[in-house]
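**Q** Quick check, what structure comes out for this input:
(chains A, B, C and D)
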4 protein chains.
Amino acid sequence: MSTSSHSGGLLERMRGGELLKAAGAHNGLTAVLAARSGFDAVWAGGLEISASHAIPDADILGVGGTVSSLDSIISACNLPVIVDCDAGYGSAMNALFMAKRYFGLGAAALCLEDKRFPKINSFALAEQTLEDVATFCGKLRAVCSVRTSADQFVIARTEALIAGSNVSDALRRAEQYEKAGADAILVHDKTQGGERILDFASRWAGSVPLVVVPTTFYDISAADLHDAGFALVIYANQGMRAQVRAVQETYERILADGRSSRLENEIATVQELFDIQGLPAFQVASADFVL
Amino acid sequence: MSTSSHSGGLLERMRGGELLKAAGAHNGLTAVLAARSGFDAVWAGGLEISASHAIPDADILGVGGTVSSLDSIISACNLPVIVDCDAGYGSAMNALFMAKRYFGLGAAALCLEDKRFPKINSFALAEQTLEDVATFCGKLRAVCSVRTSADQFVIARTEALIAGSNVSDALRRAEQYEKAGADAILVHDKTQGGERILDFASRWAGSVPLVVVPTTFYDISAADLHDAGFALVIYANQGMRAQVRAVQETYERILADGRSSRLENEIATVQELFDIQGLPAFQVASADFVL
Amino acid sequence: MSTSSHSGGLLERMRGGELLKAAGAHNGLTAVLAARSGFDAVWAGGLEISASHAIPDADILGVGGTVSSLDSIISACNLPVIVDCDAGYGSAMNALFMAKRYFGLGAAALCLEDKRFPKINSFALAEQTLEDVATFCGKLRAVCSVRTSADQFVIARTEALIAGSNVSDALRRAEQYEKAGADAILVHDKTQGGERILDFASRWAGSVPLVVVPTTFYDISAADLHDAGFALVIYANQGMRAQVRAVQETYERILADGRSSRLENEIATVQELFDIQGLPAFQVASADFVL
Amino acid sequence: MSTSSHSGGLLERMRGGELLKAAGAHNGLTAVLAARSGFDAVWAGGLEISASHAIPDADILGVGGTVSSLDSIISACNLPVIVDCDAGYGSAMNALFMAKRYFGLGAAALCLEDKRFPKINSFALAEQTLEDVATFCGKLRAVCSVRTSADQFVIARTEALIAGSNVSDALRRAEQYEKAGADAILVHDKTQGGERILDFASRWAGSVPLVVVPTTFYDISAADLHDAGFALVIYANQGMRAQVRAVQETYERILADGRSSRLENEIATVQELFDIQGLPAFQVASADFVL
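**A** Here you go, the predicted structure:
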């Protein structure tokens, strides 16, 4: 089995009080764009990856439907990659084998959430069911048991607020998750104000760092989230949402105009694609090796 | 082996004088966007697919590195999918096995180009080497031998103009390719005016339809290309180029602003992602089947 | 999506009173060996496929870990392929997407069992938990809804006897499964005598054909099983068990002897491998197409 | 990217004068059988892997068609895995990307042969064409440039004797390959006596260890090959050839007898399959983690 060395000290930096930011990616291209923009890590998110296949974000893809996306992401950039593992694809044993595979691919961190398998996306208008704390802690311990270096870590994500519970319950869960071995806690919410997230952070008495995904409470800045106690802020889906709008408008304008001429100054050049693909380095190597 | 029924009469429509338009896609998401915009077909292009993995467009991926992208595209939309097969990944026998695999996945059409394996992208500043006509015709016959229904077809693409040859040579090649069984001819060029493409079409005496990819000669409209004799116009990479610019700007603005609030009105909503993923239909089916 | 046409009338033959036999396979090679021996169908079994990867038969592989094996099997032989779908990898929605994928690959039949996800192999010394009948019928209806031709069918497998229940319960379950749309019923057991299987068949009042896997009750002949009312007998794992013993002995003898000379007359020749690989046809095609 | 640590000092042991033996494998199961028998390494051979898919051994599978087999092998056992890379799947750049992928998966060693792409199996009755020495050395340097630890190495395989050339030419080639960076030399032949192989070894003046595959000259023992100067002896295909014969006979006897009863004492038990799959360890872990 291969061993990973991909974290680049991310967990240490989170512990050290730095404000870190991650951006979503679902393939090598978007991972490169995240890296070039200056983010500290890539979030290989289930919503982006399932959406890239036009498949619902509802535990359909599984490990085998996710690994090719992860391989594309991890191979393409030098940022540490945090993998959204949903509910671990079944029981603790499914989660265990998943963790071996994902850490084996070079993931820096795995993020496991406390929803019951099969999960559905947290923003969907659907019933959201939490896993029992003890069962989830078993899953967490299984995933933690697979870490093979100090540079791999596990984030426990509580969906308590998503599932209709309150901050106190989210805190109780998070405490148990830290005891079970989690290296960091992600507390998720989908209200617009973000008050409960801030309340959670202010009341957090644990010693592991906190992670947040401000999809709906986008008015709160990363600096404010950092001041509130969060070490890592994940912008999980804005890149893909921008892509959807841009491709839609491009395709509609081509059909409306009957040509792409008016777009040419607004879109990347083919040469920019080549740069993302590493064509210059490829050509240098070709000159060395192809005779 | 599974059999494909994906063309939806595309070749018949090309023969019937209709103006048809295809848009590039590299995964299910972009295929859905092409379909929703009103294009007639999807172009599963090598540049987009390799760029999506941040790998050079230089025959690195092969069949095995391409099938997961094709599967994502073909499963996601009801449009006929035309697969860019580069130079067939080696000899005629490599092309034969490739064709079985791609038609087996449900491809409507395969497009094989007359560059020597391993090819490099036509827009790259690199030497472009043409395959011998007889060798290429052997490849073409191999690929054509795999068509299992009248609804599957093969496009021969000549890179003569890309490789420094002239229109007369491109025409001579295209004639041979039609004789070898090609159902359509794609003539490629990378000059800005597109004069040679128009010249080619005006002198084309064959009976199979013509295809064109107006990446560099974007000022010529699809209607004008149709009047000149082209049946199918492929907008191969504008969608991805728009995506790159949009994701770059989004990621830069998030880092500059420290939050995504100013973007929210410019990007697709999470609900729009859900729609592309087919979440509404998923929830209807769930209500029927999950007890 | 591609459409399958792989059954070759298997279900019709089962209904017609013929005795049919299937053999296990986990890759193209073993599928070719099954076909050459004269079996009527291939059983793409979870035990063989998971064992081929040295992974426990406990719902670890999922759809994504199974499709490459299925593709290898389905592409290699002209026999109808019956896919062991375990418990459908989760809920009815997981089963639905699984069914689309497997039928899309060209499977003739899917076999869904009424154990709770994640299952463990029926022969394992472990607790075996049955799914609620209503929940399982929802899964069955989901899988049946994906059949796109009269030549694709669904087998419902009851593990009632495996899980400690009795023949009456197995019959009650089977009746419900037929009502939910199952085209055939597989009743499984692991006692050595096979009396309960025979009892089941004698009391079966449904109209769909019966299927049996005589792994432990190997003394009962296929003809006797047919007389008892079974239409299809599946030899699910004997091929792989023979392979394991043969490879073990071969490797041990090579190490003991320090060479393979004494084995040469007992093992297939390299030429026989070539024949299974289709090398002769490959060379004929090469002569036609490679110039 | 993940980093490999899989060689277990294999190259050091080869340099140290030990006699080492490798056995062929094409999946996790056969890799486990090789490891349990006491071999020192696994040979992930192109013949076995292509035969497992019933596809000709003629550069059809490529990287993408090989990685799932490699992943199964590498994940299943603790032996160092030597990957048969054929001719590198094209140019030096194809070989370079292949090497990144295979070392990234955890391969201990890559073996690159000096036939021209697309190759055909060395034992096939077909024309065997050698690559130019300089071109091949470019490929070798490309592959060697990807080694990321002292524990990864590259074997250059000369097919000079296979392609009708003589021992002197094979030696000249091998010298150049050592200069280009090869860590070991494999000299291949398909005569029955093996005299030329022995002659090669006696005249070898290089400093890197020698490797041999005694498929046709099976009368020469590993000890004699070691005395002649070979450090590593690879039994590349005997396991699969034994498997083919065993599965054939098993399937024929089941059909002839109408049942498997007479086989039961000759084939592995289901429990032996479970052991290979790691079911006992799985059950221990389940007891710990599944609540």
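
**Q** Could you count how many residues lie near the residue in the stretch 151-291 of chain A that chain D sits nearest to?
**A** Nearest residue of the stretch 151-291 of chain A to chain D: A:F289, at 3.6 Å (CB to the nearest CB). No exception for glycine: its C-beta is placed from N, CA and C like everyone else's. A:F289 has 21 neighbours, counted by other CB atoms under 10 Å in any protein chain shown.

**Q** And the helices in the stretch 1-150 of chain A?
**A** A:10-15, A:28-37, A:46-52, A:62-76, A:92-105, A:133-144 (DSSP state H, counting those that start in this stretch).

**Q** List the contacts of the residue of the stretch 151-291 of chain A closest to chain D.
**A** D:92-93, D:96, D:138-139, D:141-142, D:145 (CB atoms under 8 Å, 6 or more residues apart in numbering or on different chains).

**Q** would you list the helices of the stretch 1-150 of chain A in CSV and tack on distance to chain C?
**A** What follows is these, written out as CSV (distance: least, CB to the nearest CB, whole Å):
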stretch, distance to chain C
helix A:10-15, 27
helix A:28-37, 19
helix A:46-52, 11
helix A:62-76, 2
helix A:92-105, 5
helix A:133-144, 12
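
**Q** All the helices of the stretch 151-291 of chain A, residue numbers only.
**A** For the stretch 151-291 of chain A, the helices defined by DSSP H, counting those that start in this stretch occupy A:167-179, A:195-203, A:222-228, A:238-257, A:270-277, A:279-289.

**Q** Just say which of these is most tucked in.
**A** helix A:238-257 (a mean of 22; mean count of other CB atoms under 10 Å in any protein chain shown).

**Q** Between helix A:28-37 and it, find me the angle.
**A** Angle, helix A:238-257 to helix A:28-37, by axes from the mean of the first three to the mean of the last three CA atoms, to 10 degrees: 110 degrees.

**Q** quick revisit: got TSV for the helices of the stretch 151-291 of chain A, with mean pLDDT too?
**A** Shown next, in TSV, are these (pLDDT from 0 to 100):
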stretch	mean pLDDT
helix A:167-179	98
helix A:195-203	98
helix A:222-228	98
helix A:238-257	98
helix A:270-277	98
helix A:279-289	97
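
**Q** can you put the helices of the stretch 1-150 of chain A in TSV and add mean neighbour count and distance to chain B?
**A** Formatted as TSV, these follow (neighbours: other CB atoms under 10 Å in any protein chain shown; distance: least, CB to the nearest CB, whole Å):
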stretch	mean neighbour count	distance to chain B
helix A:10-15	20	17
helix A:28-37	25	3
helix A:46-52	26	5
helix A:62-76	24	4
helix A:92-105	24	14
helix A:133-144	22	20
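
**Q** so can I have JSON lines of those helices showing distance to chain D and mean pLDDT?
**A** Below are the helices of the stretch 1-150 of chain A laid out as JSON lines (distance: least, CB to the nearest CB, whole Å; pLDDT from 0 to 100):
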{"stretch": "helix A:10-15", "distance to chain D": "16", "mean pLDDT": "97"}
{"stretch": "helix A:28-37", "distance to chain D": "12", "mean pLDDT": "98"}
{"stretch": "helix A:46-52", "distance to chain D": "19", "mean pLDDT": "98"}
{"stretch": "helix A:62-76", "distance to chain D": "6", "mean pLDDT": "97"}
{"stretch": "helix A:92-105", "distance to chain D": "4", "mean pLDDT": "97"}
{"stretch": "helix A:133-144", "distance to chain D": "4", "mean pLDDT": "98"}
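
**Q** I'd like the ones you listed as JSON lines, with distance to B:V32 appended.
**A** Below are those laid out as JSON lines (distance: least, CB to CB, whole Å):
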{"stretch": "helix A:10-15", "distance to B:V32": "34"}
{"stretch": "helix A:28-37", "distance to B:V32": "17"}
{"stretch": "helix A:46-52", "distance to B:V32": "10"}
{"stretch": "helix A:62-76", "distance to B:V32": "17"}
{"stretch": "helix A:92-105", "distance to B:V32": "27"}
{"stretch": "helix A:133-144", "distance to B:V32": "33"}
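
**Q** what about A:S69, distance to A:L105?
**A** 10 Å (CB to CB, to the nearest Å).

**Q** I meant to write A:L125 there.
**A** Distance from A:L125 to A:L105, by CB to CB: 33 Å.

**Q** hang on, A:L33 packs against B:R245?
**A** No. A:L33 is beyond contact range of B:R245, at 9.9 Å (criterion: CB atoms under 8 Å).

**Q** quick one: which of the contacts of A:F289 is nearest to C:A150?
**A** The closest of the contacts of A:F289 to C:A150 turns out to be D:M93 (CB to CB; 49.3 Å).

**Q** Leaving out sequence neighbours, find the closest residue to the closest one.
**A** Spatial nearest neighbour of D:M93, chain neighbours left out: A:S286 (5.5 Å); criterion: CB to CB, 6 or more residues apart in numbering or on different chains.

**Q** Flag every residue of the stretch 101-250 of chain A that's near chain B.
**A** When proximity is defined as CB under 8 Å from any CB of the partner chain, the stretch 101-250 of chain A approaches chain B at A:121, A:123-124, A:126, A:214-215, A:218-223, A:235, A:237-250.
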